[in-house]
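Using only what follows, build the 3D model:
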Amino acid sequence: MAEAACPASCGELLQGWLFGGEKLISCPINWFSCVAVSDGIPIPQERPRMRQMVNLLLDYWQEPPESTFGLRIEYQSTIPIAKGMASSTADIAATAQATARLLGKSLKSEELAQLCVKLEPTDSTIFKQLTLFDHLTAQTQIPFDWQPNIDILLLESPQTLLTEEYHQQDHRAQWRNNICLFQQAWRQFRTANQRHDNYRLGEACTLSAIASQSILPKPCFDQLRDLVEQTGIYGLNVAHSGSIVGLLFNSHRHDVNYLRWWLHQKKISEHYPKIHQVKLIAGGVR
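Predicted structure coming up:
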């Protein structure tokens, strides 16, 4: 048996139109999809994309395609599905690495990225470092060397949206309409990276979230921006192709109990009934 795990994402730190196409920087957090691949009979409850990744790898390594029938995939995941939290990316990336380990193969992150985008739009949680990524083609991969120390209050909406369905719609005109706002966010992100500045990072995320409102609006967004201003937390980020919102803060500097109280007092928790405290972590498949 061989095992691997890949983290979830609290939406994106940034997503928008850059260098002639849509790019993103995922926000990896401490929730995981854990996958075990072993010799054995396939279980009936496996997720289809996992088996597709196994088959893709067998073809990639020129292994006999019938080998798939002797490989068993088992998994555990704490990641909500269809919320914009990279659950599917975590599934297929962990499956790929577990399969590689079982077969005694090595799999670099660049190879993994190319394989994943063949199956579906892919989040940059597959990279150890925060990475600007072309999630449709994997052609752009720009890593950053800073790992911010940030806590997140993740606001989970009951609304679901399949990433595949989102990408079947053409949002190019809306992204281009917001190109100035996103370029401002991109500049702020690079400055934040250079200076290791969490407040600049939060501002970049908030600007990107504002740009996303014209494409996939989040309930109570203006009120959440008011909360950021009133409490002095770093900022907020969103799932640009999902329904969650993240409040970015430092648990040693900011009062998380006040944030929770405020969300209930303003009845924002009616739109986001599940509220979780999570941590921004390094990405990459473990």
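
pLDDT weak spots in the stretch 1-150 of the chain?
Residue ranges of the stretch 1-150 of the chain with pLDDT under 70: none are present.

ok, which stretches of the chain are strands?
All strands of the chain, identified by DSSP state E, fall at 2-18, 21-39, 71-77, 131-133, 141-143, 151-156, 235-238, 245-249, 274-279.

Map the structural domains onto the sequence of this protein.
2-142, 147-280 (the TED database).

Would you reformat the strands of the chain as JSON lines and include mean neighbour count and distance to Lys118?
For the C-beta atoms, the positions are set from N, CA and C on the backbone; glycine is no exception. Compiled in JSON lines, these are given as follows (neighbours: other C-beta atoms under 10 Å; distance: least, C-beta to C-beta, whole Å):
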{"stretch": "strand 2-18", "mean neighbour count": "26", "distance to Lys118": "17"}
{"stretch": "strand 21-39", "mean neighbour count": "22", "distance to Lys118": "17"}
{"stretch": "strand 71-77", "mean neighbour count": "18", "distance to Lys118": "18"}
{"stretch": "strand 131-133", "mean neighbour count": "24", "distance to Lys118": "15"}
{"stretch": "strand 141-143", "mean neighbour count": "15", "distance to Lys118": "16"}
{"stretch": "strand 151-156", "mean neighbour count": "22", "distance to Lys118": "30"}
{"stretch": "strand 235-238", "mean neighbour count": "29", "distance to Lys118": "27"}
{"stretch": "strand 245-249", "mean neighbour count": "27", "distance to Lys118": "29"}
{"stretch": "strand 274-279", "mean neighbour count": "15", "distance to Lys118": "30"}
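
want to throw those strands into CSV with distance to Thr125?
Shown next, in CSV, are the strands of the chain (distance: least, C-beta to C-beta, whole Å):
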stretch, distance to Thr125
strand 2-18, 5
strand 21-39, 5
strand 71-77, 13
strand 131-133, 9
strand 141-143, 13
strand 151-156, 14
strand 235-238, 14
strand 245-249, 14
strand 274-279, 13
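
and Arg286, which of the domains of the chain is closest to it?
Nearest of the domains of the chain to Arg286, taken as C-beta to C-beta: domain 2-142 at 4.6 Å.

gap between the two ends of that closest one?
30 Å (C-alpha to C-alpha, to the nearest Å).

Report how many residues lie close to Gly70.
12 (other C-beta atoms under 10 Å).

returning to what we had before: how about the domains of the chain in JSON lines, adding distance to Arg286?
Formatted as JSON lines, those follow (distance: least, C-beta to C-beta, whole Å):
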{"stretch": "domain 2-142", "distance to Arg286": "5"}
{"stretch": "domain 147-280", "distance to Arg286": "15"}
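
taking these together, which one is wrapped up most tightly?
Comparing the domains of the chain by mean neighbour count (mean count of other C-beta atoms under 10 Å), domain 2-142 ranks first with a mean of 20.

and it, how far out from the chain's middle?
Centroid separation for domain 2-142 versus its chain: 12 Å, with C-alpha atoms, centre = their mean, to the nearest Å.

again, but for stretch 237-252
11 Å.

How far does it stretch from one end to the other?
Start-to-end, stretch 237-252 (C-alpha to C-alpha) is 20 Å.

I'd like the average pLDDT over it.
Averaged across stretch 237-252, pLDDT comes to 97.

again, but for stretch 268-283
97.

if we look at it, which residues are touching it?
7, 10, 26-31, 124-131, 147-158, 219-220, 223-224, 244-245, 248, 251, 256, 260, 262-263 (C-beta atoms under 8 Å, 6 or more residues apart in numbering).
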